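Enquirer: here is a sequence together with a model predicted from it:
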Amino acid sequence: MYRQMPTYLQRPVPRNRLSWLFKIPHAAEEDAIRFELVERVRREIAEGTYETPEKWQAALDRFARDLE
């Protein structure tokens, strides 16, 4: 049996192999910091309202789904 090592590609190889050498930069909007969101989350953490039972349950559900 042949075992494929994790360093091999897991997807089809593109014909343009130059794309392997050059990383295409992401759009600036994707990397932008959402300051309004950061401030809201910081405020909710300081007030003690960020962690709710609903958020904990959703996180536990995602965790259980990932384990399956």
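Expert: Right, received. Where do you want to start?
Enquirer: look up how far residue 43 lies from residue 63.
Expert: Residue 63 sits 26 Å away from residue 43, going by Cβ to Cβ, to the nearest Å. From N, CA and C alone the C-beta is placed, and that goes for glycine too.
Enquirer: now residue 53
Expert: From residue 53 to residue 43 the distance is 20 Å (Cβ to Cβ).
Enquirer: got a pLDDT number for residue 31?
Expert: Looking at residue 31, its pLDDT reads 68.
Enquirer: ah, wrong one, I meant residue 68
Expert: If you check residue 68, the pLDDT there is 86.
Enquirer: pick out whichever of residue 53 and residue 43 has more residues nearby.
Expert: More crowded of residue 53 and residue 43, by other Cβ atoms under 10 Å: residue 43, with 11 against 7.
Enquirer: name the helix or strand for the more buried one, please.
Expert: Element membership of residue 43, judged by DSSP states H and E, is helix 35-47.
Enquirer: in that helix, which residues are buried?
Expert: Residues of helix 35-47 classed as buried by neighbour count (16 or more other Cβ atoms under 10 Å): none.
Enquirer: give me the mean pLDDT for that helix.
Expert: For helix 35-47, the mean pLDDT works out to 94.
Enquirer: may I have that helix as CSV, with CA atoms only?
Expert: The C-alpha atoms that make up helix 35-47 are tabulated as CSV, following Å, rounded to 0.1, in the frame of the first residue of the first chain:
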residue,chain,number,x,y,z
PHE,A,35,-12.4,48.4,14.2
GLU,A,36,-16.2,48.8,14.9
LEU,A,37,-16.4,45.0,15.6
VAL,A,38,-13.2,45.0,17.7
GLU,A,39,-14.6,47.9,19.9
ARG,A,40,-18.0,46.2,20.3
VAL,A,41,-16.5,42.9,21.3
ARG,A,42,-14.1,44.6,23.8
ARG,A,43,-17.0,46.6,25.3
GLU,A,44,-19.1,43.4,25.6
ILE,A,45,-16.2,41.5,27.3
ALA,A,46,-15.7,44.4,29.7
GLU,A,47,-19.4,44.4,30.5
